[in-house]
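Student: Here's a sequence, model it:
(chains A and B)
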Amino acid sequence: MAKNIKSRAEDYAQWYLDVIKAAQLADYSPVRGCMVIRPEGYAMWEAIQRDLDRRFKETGHVNAYFPLLIPQSFLTKEAQHIEGFAMECAVVTHSKLEKGKDGKLAPGGELEEPLIIRPTSETVIGHMYAQWIQSYRDLPVLINQWCNVMRWELRTRLFLRTAEFLWQEGHTAHETGEDAQSETMKMLEVYRSFAEDVLAIPVVKGRKTESEKFAGADTTYTIEGLMQDGKALQCGTSHNLGQNFAKAFDIKFLGRDQKIAHCHTTSWGVSTRMIGALIMAHSDDDGLVLPPRVAQNLVAIVPIYKTDEEKAKVAAFIDRTVKALVGEDEFAAASERNSRDEIRSYFFDKITHQRVVVDWRDARPGDKQFHWEQRGVPFRFEVGPRDVEQGALMVKRRLDRAKEVVKVDAISGEWLRGKLAEVQKLMFEKNLKYRHDNTHEAHSYDELKKLIAEKGGFVRCYFKQDKAAEAKIKEETKATVRCIPLDTDLKRGKCIYSGADDAQQVLFAVAY
RNA sequence: CGGGGCGUAGCUCAGCCUGGUAGAGCACCACGUUUGGGACGUGGGGGCCGCAGGUUCAAAUCCUGUCGCCCCGACCA
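Tutor: Next comes the predicted model:
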């Protein structure tokens, strides 16, 4: 039992913070609501970026960069949009610091028009698209950007909600509504497959209700995951913006029919919140548990020895094991980098830079076990004199602590890939089962209240969309409509709240 | 932004009521013994007691103000 991590049962919120701290994923910054993402945490973001970026490019998108600062007037062009974001915008009003009469620094050089720090970039990008798009031949425009955004949140939690966060935002412009809709759905599916195949988090694809949708969108689609405390987490969104921004920013083109028309645009994004989802979906009371496809360290090898003589034997055995895993060339190249007796790292995968590490630090084996365990490394190998004797090593699986003695002759890159794939699969299945066990059906409002209060998780029921009803239900149960699942989009039944016959099936849950 | 709590070493906190030279545990550094799941001993470094005023011979302690953080609500990727 980890002594620096509260158990989930004891205090779930503290457990989440303890896991982050123990794994050194992030730290608080001097500025309220902002966070420092430490190397271990940033590696998770890099894994997310690496995989998603490839998927974006495989679906025809290109990357670009738009500026951090946006003229205030831009935000006011789309009425819904301003309503959604005005409250949480950081505003830049001055251009310099100058010495005041009291000798202290004070803002000076007031700007003619205040600038806002982007809460999202629909507006600047719309402004640019208006200039770039002239004819239907210029369409579609399929651009993504990786950047930071800022929303002045009053209540923050590391990764889940911070004032500044990292994300990607895709912005596309199309000739027809059908094209925009198909793009919106295509990217939602990219997010689903990414979340499930890479993050090992099962998600529900669905549509947001009017009250939950993005400010300025015609329709917002979402992928919703379920965390271990029974709360839902929105892991990504894809918006069909219709012609709202095209009209606000004059994004027009000359069509095949020789007529001027407004484009149909979309936007879609996922953020560093996904790291929060990863932590909450998989970790246990001993700390972080990482799916192999996200882990930067795949294997941590812990040597065990007493004497110098034992150390030499163990070292030779570990070298043999590492060579079998990463190959002679990488072993030689890594030996150049790893000159000192500390943590030696070897690239197992030269494209993703995922590694095998050997912990040669001058510390006790027990300390090292906890070190790598809390950082979520999928496998730990233990190698001591007894193992060398038997030509085998102890393989410990982080996910479920499964132990296995493996002959060194059996070890190879292929072997490890197999082990990792198995863990990846088990983690997804475990979460899928959890979601299944924590999805319930309600046939009345009373039942919904009871299920939310007593069991948590997703509650599936028929509900006729209504802003006032949703607000009331939220007030009474804390739960909101997470989405209208796409797989049952066409089903109709009797609304548990209003009794209307043409209600759709929705998922309710308490959300982050 | 409303209600509650807390600011003392990197972290967790004691000391404050009843003013009198700044404390513990963990962490850190050095050395030694250890090393198959969080070792032990010895020595050491580290604090403008959140900040600014006030009361007093004397303030971590009492008073006033201020700033920050955490929790609960309203708002949110």
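
Student: Can you tell me, leaving aside adjacent residues, what's nearest to residue A:95?
Tutor: Computed as C-beta to C-beta, 6 or more residues apart in numbering, the closest residue to residue A:95 that is not its neighbour in sequence is residue A:109, at 3.9 Å. All C-beta atoms are positioned from the backbone trio N, CA, C, and that covers glycine.

Student: Can you report phi and psi for that neighbour?
Tutor: phi 60, psi 60 (degrees, to the nearest 10).

Student: just checking, it touches residue A:92?
Tutor: No. Residue A:109 is beyond contact range of residue A:92, at 11.2 Å (criterion: C-beta atoms under 8 Å).

Student: Show me which residues of the stretch 201-350 of chain A are close to RNA strand B?
Tutor: Residues of the stretch 201-350 of chain A lying close to RNA strand B by C-beta under 7 Å from any atom of the strand are A:212, A:214, A:234, A:237, A:271-273, A:286, A:304-306.

Student: Going through these, which ones are buried?
Tutor: A:212, A:214, A:234, A:237, A:271-273, A:286, A:304-305 (16 or more other C-beta atoms under 10 Å).

Student: Now intersect these with the helices, please.
Tutor: Within these, residues falling in helices by DSSP state H are residue A:273.

Student: does residue A:507 really touch residue A:480, like I thought?
Tutor: No. Contact criterion C-beta under 8 Å: residue A:507 and residue A:480 do not qualify, at 9.8 Å.

Student: out of the two, which sits in the busier spot?
Tutor: residue A:507 (24 against 20; other C-beta atoms under 10 Å).

Student: hmm, back to that, in TSV, list the residues of the stretch 201-350 of chain A next to RNA strand B along with pLDDT.
Tutor: Converted to TSV, these look like this (pLDDT from 0 to 100):
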residue	pLDDT
A:212	90
A:214	91
A:234	94
A:237	96
A:271	94
A:272	93
A:273	93
A:286	92
A:304	96
A:305	94
A:306	92
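
Student: Which stretches in the stretch 301-450 of chain A count as strands?
Tutor: All strands of the stretch 301-450 of chain A, identified by DSSP state E, counting those that start in this stretch, fall at A:343-349, A:354-359, A:379-383, A:392-397, A:403-407, A:439-441.

Student: In a markdown table: those, plus mean neighbour count and mean pLDDT.
Tutor: What follows is the strands of the stretch 301-450 of chain A, written out as a markdown table (neighbours: other C-beta atoms under 10 Å; pLDDT from 0 to 100):
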| stretch | mean neighbour count | mean pLDDT |
| --- | --- | --- |
| strand A:343-349 | 19 | 95 |
| strand A:354-359 | 22 | 96 |
| strand A:379-383 | 22 | 97 |
| strand A:392-397 | 19 | 97 |
| strand A:403-407 | 12 | 97 |
| strand A:439-441 | 16 | 96 |
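
Student: And the residue of the stretch 301-450 of chain A that's closest to RNA strand B?
Tutor: Closest approach between the stretch 301-450 of chain A and RNA strand B, counting by C-beta to the nearest atom of the strand: residue A:384, at 2.3 Å.

Student: roughly how far apart are that residue and residue A:246?
Tutor: Per C-beta to C-beta, to the nearest Å, residue A:384 is found 67 Å from residue A:246.

Student: For these two, indicate the residue with more neighbours.
Tutor: Legend: neighbour count by other C-beta under 10 Å for residue A:384 and residue A:246, higher for residue A:246 (24 against 19).

Student: Within the helices and strands, which one has the more buried one?
Tutor: helix A:244-249 (DSSP states H and E).

Student: before we move on, what about residue A:498?
Tutor: With DSSP H and E as criterion, residue A:498 is part of no helix or strand.

Student: All set, thanks.
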